[in-house]
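Asker: could you work out the structure for the sequence below:
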Amino acid sequence: MHRKNFGRNRVLQPSAAYTPANEQEVLEILDRHRGQSIRAVGRLHSWSEAILGDGVQLDLRRLDDVLLEQDGDQFVATVGAGCQIKRLLKELNRGGATLHSLGLISVQTIAGAISTGTHGSGRNSMSHYVEEARLARYDESTGKAFIDELSAGDPLLAARCSLGSLGIILSVKIRCRPQYNVQEHFTETRRLEDVLDAEDSYPLQQFFFIPWRWSYFIQHRCEDTGKRSFLAKLYRIYWLGVMDYGMHLKILFLERILRSRRMIRFTFRRIISLFVIRKWKVTDRSSSMLVMKHEAFRHIEIELFVPRDQLAEALRFTKEVIEVAGKKDSALSEVNQRRINDIGMQDDLDELQNQYGQHYPICVRRVLPDDTLISMASGGGQDWYAVSFISYARPARRSGFTLFSRFMARSMSQLFQARPHWGKINPLEAGELTSLYPRFDTFRTVCKTLDPQGVFQNEWTTALLDAND
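Answerer: From the prediction side, this is the model:
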C-alpha cells in the first residue's frame, strides 16, 4: 500500500490507512493503535517531508462540515479538518463571508493549509486567523484517546502552524470576514522601488520577477467597494485560457519537449510578456481573484521567506545565481562572490554552474507578521516576502532543480535570514531550520507536553524537535 504526493517526489507507505467518518471513529482508531506512529494526511499537495509517515495514516476528508456564525461585524467558522479550501469558500460565500487570506490554490484541506503556514499576499497567513483547534491525542494518565481544545496561550500559537506534531486535528475555528470584491490590473517595471512604492495603494498585490527579462510584472490588487465589473466573466476566461493553461502549456513545451535553454531565455525576454494585458482594471469577488489553477500541471517548488529589509539584496543575489546556474560563462558580482566565500559555499556554486535553467516566473508575495510560533512569517517587526521558485521538469529530470533549491536554501538562510516554506521543498538540516525561529524552543515544549511519547511525529519532525536539545 503506497500513495504518492502531487509532485511525485514523496511516497507514503503506511502500515494501516483509515478514512474515519467522524470524531468518535478517530478516537477508536487511536485507541486501537496506541503506541504506534500516527499521522494525518490532507490532499498531499506538499513537497516536504512533513507528509511522510510509515505508521498509521488518517485521511480526514469525511470530516468536512462547515458552521458559520456571526461575530459582531465579522464571522467565525468552525471547519472540519478534512474540508478542502474550495468547499469552504463556497460554504462561506452562502453566508456572505470569506477567508481573510487565500493561497494560490484551493485544493488543500484546512488542516493541511494551517499546519504548514499557507499564505496569500498582503495579509497574514491563514494560520494567524485560527482561534481554536480541536485535536485528538492521548491522555498521559490513562493512555486513552480524548479530544483536547486549544484556544489560548502557547498551545494555540503552536496549533496555528503545528506540522501535524501536536495530535490529530479534527476541526478548527477560524476568523472570517464579510465577502468583498478585489480590483486588479498589471503593470511592468524594471525597478523594485516602483513595486514596493505601489503597496500603499495596492496592499494585496503580488509580483513576478521574470527570469532572463529581469523585469517585474506587478499584479496590483486592492479591495474595491464597487460592483463586479461588466467584463469580469471575460477576465476569468482570459485567466483560465491564456494564463492558467496557455502560458503554462508553452512553458511545459519548452521544458519537457524542446529542452532548449536558449529558447527558454528568448521566450522569457520576448514572448511571455505578450500573455499579459497591462492596465486592464477588473473588479471581481475576492475568492475568484485571489486564486489560480496552479495545480493544473504537475510541478515542484521551493519558497523562501525573507524579511523586507533583505528583499532587494536577496533578489539581486537570486538573479545572479540563476544566471550562473543557467550559463557556462556567468559569474557572481564582487559583492555576492564575497558573500559566498564568507559562508564557505564556493564548491556548491561550482557544482551548480550551468546545471539548471530557470523556466518559470519567480512569484513574490508579501506576508504580514503572524502571531504564531513557527509559521514562516512568525515574529519580528517587519513584513516577510515569500520568493517562490518552481520547476515543471519531469520527476526524472529534476537533478538540476535539486542542486539549485539546495544551494538557494542554504545560502539565503545564512545571508538573508530566509526561511523555507514548511510544506514545500525544504532541504535544510533540522538544526539549520530550527535556528531560524526564535520561538522554536517554545514550540518544542508544547509538542513534548501534548505528545510526550512522540506518537504523532515522523522522522523529519522528530529530528526538528530533537535538534539543539
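Asker: which SS state does the residue lying closest to Cys222 once chain neighbours are set aside fall under?
Answerer: Setting aside the residues directly before and after it, Cys222 is nearest to Tyr202 in space (CB to CB, 6 or more residues apart in numbering), at 4.8 Å. Every C-beta, even on glycine, is put in place using the N, C-alpha and C of the backbone. In the three-state summary, Tyr202 is assigned as coil, counting by DSSP: H, G, I helix; E, B strand; the rest coil.
Asker: wait, Tyr202 sits on Leu196?
Answerer: No: contact between Tyr202 and Leu196 fails when scored by CB atoms under 8 Å: they sit 10.9 Å apart.
Asker: out of those two, name the residue with the larger neighbour count.
Answerer: Neighbours per residue, other CB atoms under 10 Å: of Tyr202 and Leu196, the larger number sits with Tyr202, 20 against 17.
Asker: check that one and give its pLDDT.
Answerer: With respect to pLDDT, Tyr202 scores 98.
Asker: who touches it in this structure?
Answerer: When contacts are counted by CB atoms under 8 Å, 6 or more residues apart in numbering, Tyr202 touches Ile218, His220, Arg221, Cys222.
Asker: same deal with His33?
Answerer: His33 makes contact with Ala16, Gly55, Val56 under the criterion CB under 8 Å, 6+ apart.
Asker: does the last one touch Pro14 like I think?
Answerer: I take that to be Val56. Yes: with contact defined as CB under 8 Å, Val56 and Pro14 form a contacting pair (6.4 Å).
Asker: anything in contact with each of these two?
Answerer: Counting by CB under 8 Å, 6+ apart, the residues touching both Val56 and Pro14 are Arg39.
Asker: span of stretch 120-129 from start to end?
Answerer: 13 Å (CA to CA, to the nearest Å).
Asker: all strands of the stretch 351-469 of the chain, in order?
Answerer: 362-367, 384-391, 419-420 (DSSP state E, counting those that start in this stretch).
Asker: tell me the most buried of those strands?
Answerer: With neighbours defined by mean count of other CB atoms under 10 Å, none of the strands of the stretch 351-469 of the chain is more surrounded on average than strand 419-420, at a mean of 26.
Asker: where exactly do the helices run in the stretch 301-450 of the chain?
Answerer: Secondary structure of the stretch 301-450 of the chain, counting by DSSP state H, counting those that start in this stretch: helices at 311-326, 334-342, 346-352, 399-416, 430-434, 440-450.
Asker: export the fifth one to CSV, keeping only CA atoms.
Answerer: Extracted in CSV, the C-alpha atoms of helix 430-434 (Å, rounded to 0.1, in the frame of the first residue of the first chain):
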residue,chain,number,x,y,z
ALA,A,430,17.0,20.2,11.4
GLY,A,431,19.4,22.4,13.3
GLU,A,432,19.6,24.9,10.4
LEU,A,433,15.8,25.1,10.3
THR,A,434,15.1,25.5,14.0
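Asker: returning to what we had before: most neighbours among the contacts of His33, which one is it?
Answerer: Using other CB under 10 Å as the contact criterion, the top neighbour count among the contacts of His33 goes to Val56, which has 20 neighbours.
Asker: pull up the gap between it and Lys173, please.
Answerer: Separation of Val56 from Lys173 (CB to CB, to the nearest Å): 26 Å.
Asker: strand partners (parallel or antiparallel) of the helix or strand harbouring Ile169?
Answerer: Taking DSSP states H and E as the criterion, the element that holds Ile169 is strand 168-178. Note on strand 168-178: by DSSP bridges, its sheet partners are strand 74-80 (antiparallel), strand 97-99 (antiparallel), strand 130-138 (antiparallel).
Asker: in stretch 310-318, what's buried?
Answerer: Applying a neighbour-count criterion of 16 or more other CB atoms under 10 Å, one finds Gln310, Leu311, Ala314, Leu315, Phe317, Thr318 buried in stretch 310-318.
Asker: ditto for stretch 343-363
Answerer: Buried residues in stretch 343-363, counted by 16+ other CB under 10 Å: 345, 349, 352-353, 355-363.
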